[in-house]
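Trainee: sharing a model that was predicted from the sequence below.
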Amino acid sequence: MIFASYIPAFNDNYIWLIHKENNKNIVIVDPGDAKPVLETIRQHQYQPVAILITHHHSDHVGGINQLKARYDIPVYGPANENIAAITHPLKEGDNVTITELDLTLQVLDVPGHTRGHIAYYSNNMLFCGDTLFTGGCGGLFEGTAEQMHHSLNKIAALPDETQIYCAHEYTLDNLNFARVVEPENKALLQRIKDTQAKRKLNKATVPAKLALEKDTNPFLRCDVPDVIQAAEQFALKRLKSGTETFATVRHWKDTLD
């Protein structure tokens, strides 16, 4: 069985390790900091076999060189971003095969947060960096609202059982904004209670099922009448498309951050 565990880094980052049951080999996803990764490897006697990168921001790539100096392993990452350490540039339609784990990951182009952002999908697991967050989505640092809306729709088309392995513990903050948009969403209100309980125990709220995201994450609900109406009230105008609704909701959150 393939599964993932996290290493906390910085204030709220998650560095993911992909494992196979009864196997010490690991794939490292977005190692922004090598130190906690190396310590985890030492403690558990893991053997890294590959690194996967979703985008170029320093809190996702900062540990690559130190890890490569210790382990001679391939580094997979976006072809459309300038990351010098990448040995295998990737784009949509490519696959990453990890023979040591009997694992093949499908590559998706998901620009918006950055211009060349990619995600990795396999075994109902999506490693999506900063594109889709639990309860929210990444800011538009380089891409456009149209690009991000398209990327999120692409993710939303995956099976509902897909687990979302994003790179930050932002869930509660995101859900508090979602409640501003949809204050009567019962699934959302329940999710906030569940998330608050987990965080009181210092438990991670990632991953989360895509089905739950589609019920509670406003950025995946830009075709829902209540979200459209709320966005129009904020914008003080009619919105003509899902992209316009998304852009308005994203701007709305930005004004509150």
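Mentor: Received the coordinates, thanks.

Trainee: what about the stretch 101-250 of the chain, any weak spots by pLDDT?
Mentor: Within the stretch 101-250 of the chain, the set of residues satisfying pLDDT under 70 is empty.

Trainee: strands of that one, start to end?
Mentor: Along the stretch 101-250 of the chain, counting by DSSP state E, counting those that start in this stretch, strands occupy 103-109, 118-122, 125-129, 132-133, 136-137, 163-166, 208-209.

Trainee: got the contact list for the host helix or strand of residue 67?
Mentor: Using DSSP states H and E, residue 67 falls within helix 64-70. With contact meaning CB atoms under 8 Å, 6 or more residues apart in numbering, helix 64-70 is reached by 28, 31, 34, 37, 38, 48, 51, 53, 73, 75, 83, 85. For the C-beta atoms, the positions are set from N, CA and C on the backbone; glycine is no exception.

Trainee: quick one: contacts for the last one?
Mentor: Which is residue 85. Going by CB under 8 Å, 6+ apart, residue 85 touches 61, 64, 65, 68, 75, 77.

Trainee: who wins for most neighbours among those residues?
Mentor: With neighbours set by other CB atoms under 10 Å, the maximum within the contacts of residue 85 is found at residue 77, which has 26 neighbours.

Trainee: and it, bridged to which residues?
Mentor: Here residue 77 sits in beta bridges with residue 89, going by DSSP bridges.

Trainee: and it, how far from residue 144?
Mentor: Using CB to CB, to the nearest Å, residue 77 is found at 22 Å from residue 144.

Trainee: enumerate every residue touching the nearest residue to residue 76 once chain neighbours are set aside.
Mentor: Distance criterion CB to CB, 6 or more residues apart in numbering; nearest residue to residue 76, sequence neighbours excluded, is residue 88 at 4.6 Å. By CB under 8 Å, 6+ apart, residue 88 lies in contact with 74, 75, 76, 77, 96.
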